[in-house]
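>>> Here's my sequence, what's the structure:
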Amino acid sequence: MRTLTLELILVSFLLFSIEGVALADGGVELNTGGDRFTVSSDASGRNEKQSSDSRGSKSSSQGGSTGSSGSSDRTASSSGGSKLVRRCDSAGVCQTCETPAASGLCPGYLNDINATGQQEAAPPTPEEIRNWAISVATSVRLPAPAVGVDPDPSVNRWRIVAVGQPLWLHDNSTSTVTSSAANQGMSVSISARRTRVRFDMQEKVITCTTMTRRPANADPKAKSPDCGYTYQRKGDRRITATATWQITWHAANQSGTVPMTRTSTRTLPVRELLAVNTRPS
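Numbers count the residues shown, from 1 in each chain. As a prediction, this is how the structure comes out:
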(Lines give C-alpha, C1' and ligand atoms only; values in the text may rest on other atoms or scores of the structure.)
Protein backbone atom coordinates (compact mmCIF):
# COMPACT_ATOMS: atom_id res chain seq x y z
CA MET A 1 0.00 0.00 0.00
CA ARG A 2 2.86 2.38 0.90
CA THR A 3 4.60 1.55 -2.41
CA LEU A 4 1.42 2.39 -4.39
CA THR A 5 1.09 5.73 -2.58
CA LEU A 6 4.69 6.70 -3.40
CA GLU A 7 4.16 5.85 -7.07
CA LEU A 8 1.02 8.03 -7.23
CA ILE A 9 2.91 10.95 -5.65
CA LEU A 10 5.78 10.54 -8.16
CA VAL A 11 3.39 10.48 -11.14
CA SER A 12 1.60 13.60 -9.88
CA PHE A 13 4.92 15.42 -9.47
CA LEU A 14 5.96 14.58 -13.04
CA LEU A 15 2.60 15.72 -14.46
CA PHE A 16 2.82 19.07 -12.73
CA SER A 17 6.48 19.54 -13.85
CA ILE A 18 5.68 19.27 -17.59
CA GLU A 19 4.78 22.41 -19.48
CA GLY A 20 3.22 22.08 -22.89
CA VAL A 21 3.34 24.64 -25.73
CA ALA A 22 1.31 24.19 -28.89
CA LEU A 23 3.30 24.66 -32.09
CA ALA A 24 2.12 26.27 -35.32
CA ASP A 25 2.57 23.04 -37.26
CA GLY A 26 0.14 21.11 -35.05
CA GLY A 27 2.76 19.63 -32.76
CA VAL A 28 3.41 20.23 -29.10
CA GLU A 29 6.63 21.29 -27.40
CA LEU A 30 6.96 19.91 -23.85
CA ASN A 31 9.31 21.37 -21.29
CA THR A 32 10.19 19.20 -18.31
CA GLY A 33 12.69 21.53 -16.72
CA GLY A 34 16.02 20.35 -18.06
CA ASP A 35 14.73 18.74 -21.28
CA ARG A 36 12.53 19.95 -24.13
CA PHE A 37 10.49 17.63 -26.33
CA THR A 38 8.91 18.53 -29.66
CA VAL A 39 6.15 16.29 -30.96
CA SER A 40 4.94 17.01 -34.50
CA SER A 41 2.58 15.08 -36.69
CA ASP A 42 2.99 14.46 -40.42
CA ALA A 43 0.32 14.11 -43.09
CA SER A 44 -0.48 10.52 -42.07
CA GLY A 45 -1.10 11.50 -38.44
CA ARG A 46 1.99 9.72 -37.09
CA ASN A 47 3.61 11.44 -34.14
CA GLU A 48 7.32 12.03 -33.90
CA LYS A 49 9.16 13.04 -30.76
CA GLN A 50 12.36 15.02 -30.41
CA SER A 51 14.14 16.10 -27.29
CA SER A 52 16.85 18.56 -26.42
CA ASP A 53 18.63 18.97 -23.11
CA SER A 54 19.52 22.25 -21.48
CA ARG A 55 22.95 22.26 -23.17
CA GLY A 56 21.46 22.49 -26.68
CA SER A 57 21.95 18.86 -27.90
CA LYS A 58 18.96 17.12 -29.55
CA SER A 59 17.81 13.59 -30.24
CA SER A 60 14.91 12.29 -32.30
CA SER A 61 13.05 9.04 -32.59
CA GLN A 62 13.49 9.29 -36.38
CA GLY A 63 17.09 10.57 -36.38
CA GLY A 64 19.23 13.18 -34.62
CA SER A 65 20.09 16.74 -35.58
CA THR A 66 22.81 18.92 -34.18
CA GLY A 67 22.52 22.49 -32.96
CA SER A 68 24.79 25.42 -32.34
CA SER A 69 25.01 27.98 -29.60
CA GLY A 70 22.47 30.81 -29.88
CA SER A 71 20.12 28.89 -32.19
CA SER A 72 18.49 25.51 -32.54
CA ASP A 73 16.66 23.51 -35.17
CA ARG A 74 14.68 20.26 -35.07
CA THR A 75 14.08 18.03 -38.05
CA ALA A 76 11.40 15.40 -38.66
CA SER A 77 10.52 13.41 -41.78
CA SER A 78 7.08 13.80 -43.34
CA SER A 79 5.19 11.09 -45.18
CA GLY A 80 6.14 12.56 -48.59
CA GLY A 81 9.88 12.18 -47.98
CA SER A 82 10.45 15.90 -47.32
CA LYS A 83 11.63 17.27 -44.00
CA LEU A 84 9.91 19.45 -41.45
CA VAL A 85 12.47 21.77 -39.88
CA ARG A 86 11.73 23.90 -36.85
CA ARG A 87 14.29 26.67 -36.64
CA CYS A 88 14.82 28.92 -33.58
CA ASP A 89 17.19 31.86 -33.61
CA SER A 90 19.09 33.33 -30.68
CA ALA A 91 16.21 35.71 -29.91
CA GLY A 92 13.85 32.79 -29.38
CA VAL A 93 11.88 33.34 -32.59
CA CYS A 94 10.96 29.98 -34.09
CA GLN A 95 9.74 28.92 -37.50
CA THR A 96 8.69 25.59 -38.98
CA CYS A 97 9.10 24.93 -42.69
CA GLU A 98 8.91 21.94 -45.00
CA THR A 99 11.61 21.11 -47.56
CA PRO A 100 14.01 23.94 -46.64
CA ALA A 101 16.52 25.55 -48.95
CA ALA A 102 19.80 23.88 -49.85
CA SER A 103 21.43 25.57 -46.87
CA GLY A 104 19.24 23.46 -44.57
CA LEU A 105 17.61 26.53 -43.05
CA CYS A 106 14.11 27.90 -43.18
CA PRO A 107 13.65 30.91 -45.49
CA GLY A 108 14.44 34.12 -43.66
CA TYR A 109 17.26 32.61 -41.58
CA LEU A 110 20.03 32.83 -44.18
CA ASN A 111 21.96 35.27 -42.02
CA ASP A 112 21.72 33.03 -38.96
CA ILE A 113 23.82 29.96 -38.25
CA ASN A 114 24.22 27.74 -41.30
CA ALA A 115 24.36 23.94 -41.48
CA THR A 116 28.08 23.86 -40.63
CA GLY A 117 27.64 25.98 -37.54
CA GLN A 118 29.43 28.99 -39.08
CA GLN A 119 28.03 32.48 -39.45
CA GLU A 120 26.70 32.93 -42.98
CA ALA A 121 26.47 36.54 -44.24
CA ALA A 122 23.40 37.43 -46.27
CA PRO A 123 24.23 38.41 -49.87
CA PRO A 124 24.04 42.17 -50.56
CA THR A 125 20.87 43.45 -52.16
CA PRO A 126 20.99 45.24 -55.55
CA GLU A 127 20.30 48.52 -53.74
CA GLU A 128 23.21 47.94 -51.35
CA ILE A 129 25.53 47.16 -54.28
CA ARG A 130 24.40 50.31 -56.11
CA ASN A 131 24.88 52.56 -53.09
CA TRP A 132 28.33 51.11 -52.44
CA ALA A 133 29.35 51.51 -56.11
CA ILE A 134 28.21 55.16 -56.16
CA SER A 135 30.14 55.78 -52.95
CA VAL A 136 33.29 54.36 -54.53
CA ALA A 137 32.73 56.37 -57.73
CA THR A 138 32.37 59.66 -55.91
CA SER A 139 35.55 59.03 -53.91
CA VAL A 140 37.76 58.61 -56.99
CA ARG A 141 40.61 61.10 -57.02
CA LEU A 142 40.27 63.39 -60.02
CA PRO A 143 42.89 66.00 -60.98
CA ALA A 144 42.12 69.69 -60.75
CA PRO A 145 42.48 71.64 -64.01
CA ALA A 146 45.97 72.86 -64.85
CA VAL A 147 45.23 76.19 -66.54
CA GLY A 148 47.42 76.64 -69.57
CA VAL A 149 47.70 79.54 -72.03
CA ASP A 150 49.71 79.79 -75.23
CA PRO A 151 51.83 81.78 -75.58
CA ASP A 152 52.58 81.57 -71.87
CA PRO A 153 53.74 84.82 -70.25
CA SER A 154 56.82 83.01 -68.94
CA VAL A 155 58.30 82.89 -72.45
CA ASN A 156 58.68 86.67 -72.86
CA ARG A 157 61.08 88.92 -71.00
CA TRP A 158 58.28 91.02 -69.44
CA ARG A 159 56.43 87.98 -68.02
CA ILE A 160 53.09 89.40 -69.14
CA VAL A 161 50.13 88.77 -71.44
CA ALA A 162 49.70 91.61 -73.90
CA VAL A 163 46.35 93.26 -74.50
CA GLY A 164 45.15 92.14 -77.93
CA GLN A 165 47.29 88.98 -77.91
CA PRO A 166 45.23 85.89 -78.90
CA LEU A 167 45.53 83.22 -76.19
CA TRP A 168 45.06 79.50 -76.78
CA LEU A 169 43.53 77.96 -73.64
CA HIS A 170 44.01 74.37 -72.53
CA ASP A 171 44.00 72.04 -69.49
CA ASN A 172 47.35 70.37 -68.93
CA SER A 173 45.98 67.68 -66.58
CA THR A 174 44.91 64.19 -67.65
CA SER A 175 41.51 63.71 -69.26
CA THR A 176 40.78 60.09 -68.19
CA VAL A 177 41.01 58.15 -64.91
CA THR A 178 40.32 54.47 -64.21
CA SER A 179 39.98 52.66 -60.89
CA SER A 180 38.49 49.57 -59.22
CA ALA A 181 37.58 48.36 -55.73
CA ALA A 182 36.40 45.19 -53.97
CA ASN A 183 34.62 44.57 -50.68
CA GLN A 184 33.10 41.38 -49.19
CA GLY A 185 32.82 39.62 -52.53
CA MET A 186 31.60 42.69 -54.40
CA SER A 187 33.69 44.46 -57.05
CA VAL A 188 33.26 47.69 -58.97
CA SER A 189 35.14 49.16 -61.93
CA ILE A 190 35.35 52.92 -62.44
CA SER A 191 36.13 54.94 -65.56
CA ALA A 192 36.11 58.73 -65.48
CA ARG A 193 36.28 61.07 -68.48
CA ARG A 194 36.64 64.84 -68.55
CA THR A 195 33.86 66.17 -70.77
CA ARG A 196 34.43 69.94 -70.76
CA VAL A 197 36.32 72.80 -69.13
CA ARG A 198 34.77 76.17 -68.34
CA PHE A 199 37.21 79.11 -68.29
CA ASP A 200 36.02 82.25 -66.50
CA MET A 201 38.36 84.93 -67.90
CA GLN A 202 36.74 87.75 -65.82
CA GLU A 203 35.90 89.51 -69.06
CA LYS A 204 34.07 86.55 -70.57
CA VAL A 205 33.31 82.85 -69.91
CA ILE A 206 34.61 80.31 -72.42
CA THR A 207 33.41 76.65 -72.40
CA CYS A 208 35.55 74.16 -74.28
CA THR A 209 35.03 70.48 -75.10
CA THR A 210 38.25 70.33 -77.13
CA MET A 211 41.43 72.33 -76.62
CA THR A 212 43.91 72.54 -79.46
CA ARG A 213 47.48 73.39 -78.55
CA ARG A 214 49.12 76.32 -80.34
CA PRO A 215 51.81 75.24 -82.80
CA ALA A 216 55.28 76.53 -82.06
CA ASN A 217 55.53 78.19 -85.49
CA ALA A 218 52.03 79.70 -85.44
CA ASP A 219 51.47 83.29 -86.53
CA PRO A 220 51.46 85.54 -83.39
CA LYS A 221 48.03 86.87 -84.44
CA ALA A 222 46.53 83.39 -85.07
CA LYS A 223 43.49 82.52 -82.92
CA SER A 224 42.62 79.13 -81.43
CA PRO A 225 40.12 77.17 -83.55
CA ASP A 226 38.18 75.83 -80.53
CA CYS A 227 39.26 77.30 -77.17
CA GLY A 228 40.79 80.76 -76.99
CA TYR A 229 40.37 84.33 -75.81
CA THR A 230 41.88 87.79 -76.37
CA TYR A 231 41.96 90.28 -73.48
CA GLN A 232 40.71 93.77 -74.26
CA ARG A 233 41.78 95.59 -71.08
CA LYS A 234 44.84 95.55 -68.89
CA GLY A 235 44.89 94.38 -65.29
CA ASP A 236 45.58 91.29 -63.20
CA ARG A 237 43.10 88.71 -64.45
CA ARG A 238 42.19 85.72 -62.30
CA ILE A 239 41.21 82.77 -64.51
CA THR A 240 38.89 80.19 -62.86
CA ALA A 241 38.84 76.84 -64.66
CA THR A 242 36.12 74.29 -63.81
CA ALA A 243 36.46 70.81 -65.28
CA THR A 244 33.35 68.62 -65.53
CA TRP A 245 33.82 64.85 -65.28
CA GLN A 246 31.53 61.94 -66.07
CA ILE A 247 32.24 58.91 -63.88
CA THR A 248 30.87 55.55 -65.06
CA TRP A 249 30.70 52.56 -62.69
CA HIS A 250 29.94 48.86 -63.30
CA ALA A 251 29.13 46.40 -60.48
CA ALA A 252 27.19 43.09 -60.43
CA ASN A 253 25.32 43.59 -63.72
CA GLN A 254 24.49 47.17 -62.75
CA SER A 255 25.94 50.41 -64.05
CA GLY A 256 25.47 54.13 -63.74
CA THR A 257 27.08 57.54 -64.18
CA VAL A 258 27.92 60.25 -61.67
CA PRO A 259 28.89 63.84 -62.66
CA MET A 260 31.63 65.61 -60.71
CA THR A 261 33.61 68.85 -61.07
CA ARG A 262 37.07 70.07 -60.15
CA THR A 263 38.18 73.73 -60.02
CA SER A 264 41.47 75.66 -59.99
CA THR A 265 42.60 79.22 -60.59
CA ARG A 266 45.49 81.14 -62.13
CA THR A 267 46.26 84.86 -62.25
CA LEU A 268 47.61 86.46 -65.43
CA PRO A 269 49.19 89.93 -65.56
CA VAL A 270 47.66 91.60 -68.60
CA ARG A 271 49.50 94.71 -69.79
CA GLU A 272 49.63 97.04 -72.79
CA LEU A 273 52.70 97.06 -75.00
CA LEU A 274 53.59 100.50 -76.34
CA ALA A 275 55.78 101.08 -79.34
CA VAL A 276 58.47 103.68 -78.75
CA ASN A 277 60.20 105.33 -81.71
CA THR A 278 63.71 106.52 -81.07
CA ARG A 279 65.76 108.82 -83.30
CA PRO A 280 69.26 107.59 -84.03
CA SER A 281 71.98 109.78 -82.61
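>>> rest of the way, CA atoms for contacts and neighbours
Noted.
>>> show me where the chain has helices.
Secondary structure of the chain (DSSP state H): helices at 2-17, 126-138.
>>> Which of the ones you listed has the lowest mean pLDDT?
Among the helices of the chain, helix 2-17 carries the lowest mean pLDDT, a mean of 50.
>>> Surely Pro151 and His170 touch.
No. Pro151 is not in contact with His170 according to C-alpha atoms under 8 Å; the separation is 11.2 Å.
>>> the more surrounded of the two?
A direct count of neighbours by other C-alpha atoms under 10 Å for Pro151 and His170 places His170 higher, at 23 against 19.
>>> list the contacts for the more buried one?
Taking C-alpha atoms under 8 Å, 6 or more residues apart in numbering, we find His170 in contact with 147-149, 211-213, 227.
>>> Specify which member of those residues is nearest to His250.
Met211 (29.3 Å; C-alpha to C-alpha).
>>> Pull the number of nearby residues for the closest one.
Met211 has 18 neighbours, counted by other C-alpha under 10 Å.
>>> Also Thr244?
19.
>>> Which strand residues bridge it?
Bridge pairing for Thr244 (DSSP bridges) gives the partners Arg196, Thr261.
>>> Can you check what pLDDT the model gives it?
Thr244 is given a pLDDT of 98.
>>> From Ala144, how far off is it?
10 Å (C-alpha to C-alpha, to the nearest Å).
>>> residues shared between the contacts of the two?
Arg262.
>>> got any ranges where the protein has weak pLDDT?
1-121, 275-281 (pLDDT under 70).
>>> at 90 what do you get?
Within the chain, the segments meeting pLDDT under 90 span 1-125, 183-186, 220, 273-281.
>>> Among the contacts of His170, which pair sits farthest apart?
By the measure C-alpha to C-alpha, Val147 and Thr212 form the most distant pair in these, at 13.5 Å.
>>> Mutual contacts of the two, please.
With C-alpha under 8 Å, 6+ apart as the test, Val147 and Thr212 both reach 169-170.
>>> Wait, Asn172 touches Gly148, no?
Yes. If you go by C-alpha under 8 Å, Asn172 and Gly148 touch, sitting 6.3 Å apart.
>>> More neighbours: the two, which one.
Neighbour count, other C-alpha under 10 Å: between Asn172 and Gly148, Gly148 has more, with 17 against 13.
>>> Does the more buried one touch Ser173 like I think?
No. Applying C-alpha under 8 Å, one finds Gly148 not in contact with Ser173, separated by 9.5 Å.
>>> Just the buried positions in stretch 212-224, please.
For stretch 212-224, the buried set under the neighbour-count rule, 16 or more other C-alpha atoms under 10 Å, comprises 213-214, 223-224.
>>> In CSV, list those residues along with distance to Glu128.
As requested, the buried residues of stretch 212-224 are arranged in CSV below (distance: C-alpha to C-alpha, whole Å):
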residue, distance to Glu128
Arg213, 44
Arg214, 48
Lys223, 51
Ser224, 47
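>>> what's the farthest-apart pair in those?
Most distant of the buried residues of stretch 212-224, by C-alpha to C-alpha, are Arg213 and Lys223, 10.9 Å apart.
>>> can you map out the strands along the stretch 51-200 of the chain?
58-60, 72-77, 83-88, 94-98, 147-150, 161-162, 166-171, 176-183, 186-200 (DSSP state E, counting those that start in this stretch).
>>> Run through who's touching the last one.
Outside strand 186-200, the residues within contact range by C-alpha under 8 Å, 6+ apart are 129, 133, 137, 171, 175-182, 205-210, 239-252.
>>> Return the members of those residues classed as buried.
The neighbour-count criterion (16+ other C-alpha under 10 Å) marks 129, 133, 137, 171, 175, 177, 180, 206-208, 239-251 among the contacts of strand 186-200 as buried.
>>> So Thr261 sits against Ala241, correct?
No. Using C-alpha under 8 Å, Thr261 is not in contact with Ala241, being 10.2 Å away.
>>> what sits against the nearest residue to Phe199 once chain neighbours are set aside?
Once flanking residues are discounted, Phe199 sits nearest to Ala241: 4.6 Å by C-alpha to C-alpha, 6 or more residues apart in numbering. Residues near Ala241 by C-alpha under 8 Å, 6+ apart: 145, 147, 197-200, 263-265.
>>> Same check on Ala144?
Contact analysis of Ala144 by C-alpha under 8 Å, 6+ apart lists 173, 243, 262-264.
>>> Most neighbours of all those, which one?
Highest neighbour count within the contacts of Ala144, by other C-alpha under 10 Å: Ala243, with 26 neighbours.
>>> Fine by me, we can end here.
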